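Participant: one predicted model, sequence on top.
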Amino acid sequence: IARDWLVAPNGRADGAGTPEKPLDLSSVFSNTTPAQPGDIILLKGGQYDGPMSKTAAGVPSRLPFTPKFNGTADKPITVTSAPGESAHLNGTVEINGCDYTHFVRLEIGDLLWDPLQKKHFNLTAFNATVGQSVKLINCNIFGGAMGTGLWRPALNFVSYGNLIHDFGYYSDTLRGSGHAAYIQNDAGTKTLEHNIAYRGCGWNYDIYTQSGEIKGFDILENIGYIASWHKPGQVGFNYGLTGWKPAERIRFIGNVGYQSRGPEQAWRSNMRLMYHLKPEVVHNDAIVKDNYMMGSCRGLVVSRWKKIEITGNTFWGSDVLTEISSAPSGSGVSENPLKVDLSGFTVAGNTYIDNGKANPFVLGAHEHPTADEQYSFVNWQKLGLDKDSKLLPGKNGRPTGTKTFIFPNKHEKGRANVAIFAWDGQSSMDVDLSRALSAGQKYKVYNCLDIHQTIAKANPVLAGVFDGKPVVFPMKHDPSSPDFDAFIVLPE
């Protein structure tokens with residue numbers, strides 16, 4: 001019979017897992033765990049400190065939490081904060097097995113994270129190396145050498161509704177490294193949905209491999225912005241698929257991306273789906289649909305695909321709106337005579353915002369496009385691309401007006417992600433939360449830029465009782481993200 005096991009920061013190894021006698025975390029995560037399939041492990045609010053070690057150079061480092069239990073397909077084990085409370089795992093988590101286990105509504109990250117790795121060393125905040133059908137749901141992830149690592153043997157992994165921020169590492173001579181989600185896959189499908197990734201040292205959503213595989217990904221309605229922000233002078237991409245192997249079964253649908261930096265690295269793109277260093281690679285199939293990508297020097301960059309559908313998207317970049325190339329910018333390939341075969345490309349029904357460039361589209365074979373590889377929108381359409389798409393006017397090469405996205409949470413009533421573009425400096429925006437909140441429900445709203453570590457350390461920008469009317473969201477116009485804010489709505 002399934003049961004709840006109560007765990008507390010001051011719990012004991014000989015505890016009964018009850019309110020009177022809670023367990024300690026190390027015991028319930030150990031090889032001798034009492035947890036059985038179908039059980040729920042409830043973590044009382046508070047801070048759970050991970051074990052410590054030191055590097056060879058003597059830098060303090062945290063050893064990861066390593067849960068050892070397994071659920072089953074019909075009886076998963078759930079690890080979650082106790083109702084109305086917030087449990088913080090002050091360190092990192094390593095998943096090496098843990099089949100059919102759900103990690104829900106936890107704070108995971110080292111409060112002493114140091115992006116220079118000189119004061120404190122950390123591994124990946126949540127690293128899934130092996131496991132079947134593990135789910136990471138509505139957690140707050142920060143303070144690791146990466147945010148999440150989701151590797152090939154972690155089959156059918158789901159990352160849903162998580163905040164992933166303030167991660168990675170760099171030095172004066174090293175580019176910003178460590179990504180919000182570094183992903184590989186072969187069998188089955190990895191799903192990333194309704195996550196918010198921002199303000200790391202490296203990229204945000206990065207599907208990449210050299211010797212592994214990049215097959216089977218659903219990247220759905222995520223928000224990614226200000227990638228690489230911790231590394232001075234660097235700009236990164238929000239959504240990427242690159243590597244040395246052909247990709248297949250790829251879906252990027254309904255995602256939102258914003259990148260205010262651009263001129264520092266002109267070859268960077270907001271979204272890129274291409275190979276890296278291997279010009280002979282031809283990817284197999286992908287769907288790129290209904291995404292809204294604003295900023296960076298290039299909006300979208302793709303290389304050679306046997307079959308790819310690019311439809312219903314909106315793109316704006318300060319230099320290039322869309323690039324299709326056999327040697328795309330950032331691929332590490334300067335020239336490729338194996339030009340792109342467009343017969344498998346469906347590029348239609350997209351919207352572009354005028355960036356003031358006469359020829360903002362690229363179809364070519366050079367990393368630095370030649371003059372005859374750059375096209376105006378009219379000439380681009382003459383190639384058979386984007387015949388029913390549209391180019392909207394901007395102002396001084398930039399978008400105007402506003403755009404709001406609301407993503408209600410599927411697992412927690414009253415929780416939602418909100419993304420707002422305010423290109424003309426609007427101080428506030430009315431947001432209809434009726435799809436997320438019920439009448440009379442209490443809520444708090446946090447600007448994600450205010451969340452640097454645990455959510456408890458941040459102050460909400462709004463709090464109230466939902467009366468069915470639009471809620472007025474204040475815009476921050478922070479220098480790091482002057483045109484865009486992402487918010488998380490949480491029920492009380």
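Facilitator: Now that the structure is in, tell me what you want to look at. Numbers count the residues shown, from 1 in each chain.

Participant: what's the closest non-adjacent residue to P393?
Facilitator: D354 (5.3 Å; Cβ to Cβ, 6 or more residues apart in numbering). Any C-beta I mention is one placed from the backbone N, CA and C, and that applies to glycine too.

Participant: contacting residues for the one you found?
Facilitator: Contacts for D354 were tallied using Cβ atoms under 8 Å, 6 or more residues apart in numbering; they are 360, 391-394, 397.

Participant: would you turn those into TSV with neighbour count?
Facilitator: Formatted as TSV, these follow (neighbours: other Cβ atoms under 10 Å):
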residue	neighbour count
P360	28
L391	20
L392	13
P393	8
G394	17
G397	14
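
Participant: among these, name the ones in helices.
Facilitator: Using DSSP state H, no member of the contacts of D354 sits in helices.

Participant: want to throw the residues you listed into a markdown table with pLDDT and distance to I250?
Facilitator: Output for the contacts of D354, formatted as a markdown table (pLDDT from 0 to 100; distance: Cβ to Cβ, whole Å):
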| residue | pLDDT | distance to I250 |
| --- | --- | --- |
| P360 | 98 | 25 |
| L391 | 98 | 27 |
| L392 | 98 | 27 |
| P393 | 98 | 32 |
| G394 | 97 | 30 |
| G397 | 96 | 31 |
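
Participant: export these to JSON lines and tack on distance to G425?
Facilitator: Formatted as JSON lines, the contacts of D354 follow (distance: Cβ to Cβ, whole Å):
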{"residue": "P360", "distance to G425": "25"}
{"residue": "L391", "distance to G425": "24"}
{"residue": "L392", "distance to G425": "19"}
{"residue": "P393", "distance to G425": "18"}
{"residue": "G394", "distance to G425": "15"}
{"residue": "G397", "distance to G425": "16"}
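
Participant: how about low-confidence regions in the stretch 151-300 of the chain?
Facilitator: For the stretch 151-300 of the chain, residues meeting the criterion pLDDT under 70 lie at 261-264.

Participant: 80 - rerun?
Facilitator: 261-266 (pLDDT under 80).

Participant: beta partners of the residue nearest to the spatial centre of the chain?
Facilitator: With distances taken as Cα atoms, centre = their mean, A197 lies nearest the centre of the chain, 4.1 Å away. Counting by DSSP bridges, A197 is bridged to I164, G224.

Participant: so it touches A180, yeah?
Facilitator: Yes: look at A197 against A180 with Cβ atoms under 8 Å: they come within range, at 3.5 Å.

Participant: quickly list what's touching both of those two.
Facilitator: Residues touching both A197 and A180 (Cβ under 8 Å, 6+ apart): 147, 164-165, 204-205, 224, 227.

Participant: among these, which one lies nearest to V431?
Facilitator: Using Cβ to Cβ, G224 is the member of those that sits closest to V431, with 20.0 Å.

Participant: residue contacts, that closest one?
Facilitator: 180, 196-198, 204-205, 238-239, 255-258.

Participant: tell me how far it lies from A87.
Facilitator: Distance of G224 to A87, given as Cβ to Cβ, to the nearest Å: 26 Å.

Participant: count of residues packed around G46?
Facilitator: 15 (other Cβ atoms under 10 Å).

Participant: which residues touch it?
Facilitator: 8-9, 85, 87-88.

Participant: check V301 too.
Facilitator: Residues in contact with V301 (Cβ under 8 Å, 6+ apart) are 269, 271-274, 320, 322-323, 325, 328-330.

Participant: any chance of those residues in JSON lines with secondary structure, neighbour count and distance to D186 as columns?
Facilitator: Output for the contacts of V301, formatted as JSON lines (DSSP: H, G, I helix; E, B strand; the rest coil; neighbours: other Cβ atoms under 10 Å; distance: Cβ to Cβ, whole Å):
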{"residue": "S269", "secondary structure": "strand", "neighbour count": "33", "distance to D186": "26"}
{"residue": "M271", "secondary structure": "strand", "neighbour count": "29", "distance to D186": "23"}
{"residue": "R272", "secondary structure": "strand", "neighbour count": "27", "distance to D186": "22"}
{"residue": "L273", "secondary structure": "strand", "neighbour count": "24", "distance to D186": "18"}
{"residue": "M274", "secondary structure": "coil", "neighbour count": "27", "distance to D186": "20"}
{"residue": "V320", "secondary structure": "strand", "neighbour count": "25", "distance to D186": "33"}
{"residue": "T322", "secondary structure": "strand", "neighbour count": "28", "distance to D186": "30"}
{"residue": "E323", "secondary structure": "strand", "neighbour count": "28", "distance to D186": "29"}
{"residue": "S325", "secondary structure": "strand", "neighbour count": "24", "distance to D186": "27"}
{"residue": "P328", "secondary structure": "coil", "neighbour count": "31", "distance to D186": "25"}
{"residue": "S329", "secondary structure": "coil", "neighbour count": "25", "distance to D186": "28"}
{"residue": "G330", "secondary structure": "coil", "neighbour count": "20", "distance to D186": "25"}
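
Participant: okay if I get these as TSV plus distance to R152?
Facilitator: Converted to TSV, the contacts of V301 look like this (distance: Cβ to Cβ, whole Å):
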residue	distance to R152
S269	25
M271	23
R272	21
L273	19
M274	20
V320	32
T322	30
E323	29
S325	28
P328	25
S329	28
G330	24
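
Participant: and which of those is nearest P22?
Facilitator: Within the contacts of V301, proximity to P22 (Cβ to Cβ) peaks at M271, which comes in at 46.0 Å.

Participant: dump the residue contacts of the closest one.
Facilitator: M271 makes contacts with 237-240, 252, 257, 288, 291, 293, 299-301, as judged by Cβ under 8 Å, 6+ apart.

Participant: 10 Å instead?
Facilitator: Contacts of M271 were listed using Cβ atoms under 10 Å, 6 or more residues apart in numbering, and they are 205, 219, 224, 237-241, 252, 255, 257, 259, 288, 291, 293, 296, 298-302, 313, 315, 317, 322.

Participant: buried subset of these, written for ChimeraX?
Facilitator: Here is the ChimeraX selection string for the buried members of the contacts of M271, based on 16 or more other Cβ atoms under 10 Å:
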select :205,219,224,237,238,239,240,241,252,255,257,259,288,291,293,296,298,299,300,301,302,313,315,317,322
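
Participant: looking at the contacts of M271, which are in strands?
Facilitator: When the contacts of M271 are checked against strands (DSSP state E), the matches are 205, 219, 224, 239-241, 252, 257, 259, 288, 293, 298-302, 315, 322.

Participant: circling back: farthest-separated two in the contacts of G46?
Facilitator: By the measure Cβ to Cβ, A8 and H88 form the most distant pair in those, at 12.8 Å.

Participant: overlap in contacts, the two.
Facilitator: 43, 45-46, 48.

Participant: looking at the residues you listed, which is nearest G212?
Facilitator: Among the shared contacts of A8 and H88, and counting by Cβ to Cβ, the member closest to G212 is Y48, at 32.2 Å.

Participant: count of neighbours near the closest one?
Facilitator: Residues near Y48, counting by other Cβ under 10 Å: 23.

Participant: please name the strands paired to the host helix or strand of it in the sheet, noting orientation.
Facilitator: Here Y48 is covered by strand 46-49, with elements defined by DSSP states H and E. Applying DSSP bridges, strand 46-49 is found paired with strand 87-90 (parallel).

Participant: how far away is T346 from S326?
Facilitator: Per Cβ to Cβ, T346 is found 19 Å from S326.

Participant: what does N156 give?
Facilitator: 34 Å.

Participant: show me which of these two is the more surrounded one.
Facilitator: Neighbour tally, N156 and S326, criterion other Cβ under 10 Å: the higher count belongs to S326, 23 against 17.

Participant: just give the closest residue to the more buried one, not the sequence neighbours.
Facilitator: Once flanking residues are discounted, S326 sits nearest to N336: 4.0 Å by Cβ to Cβ, 6+ apart.
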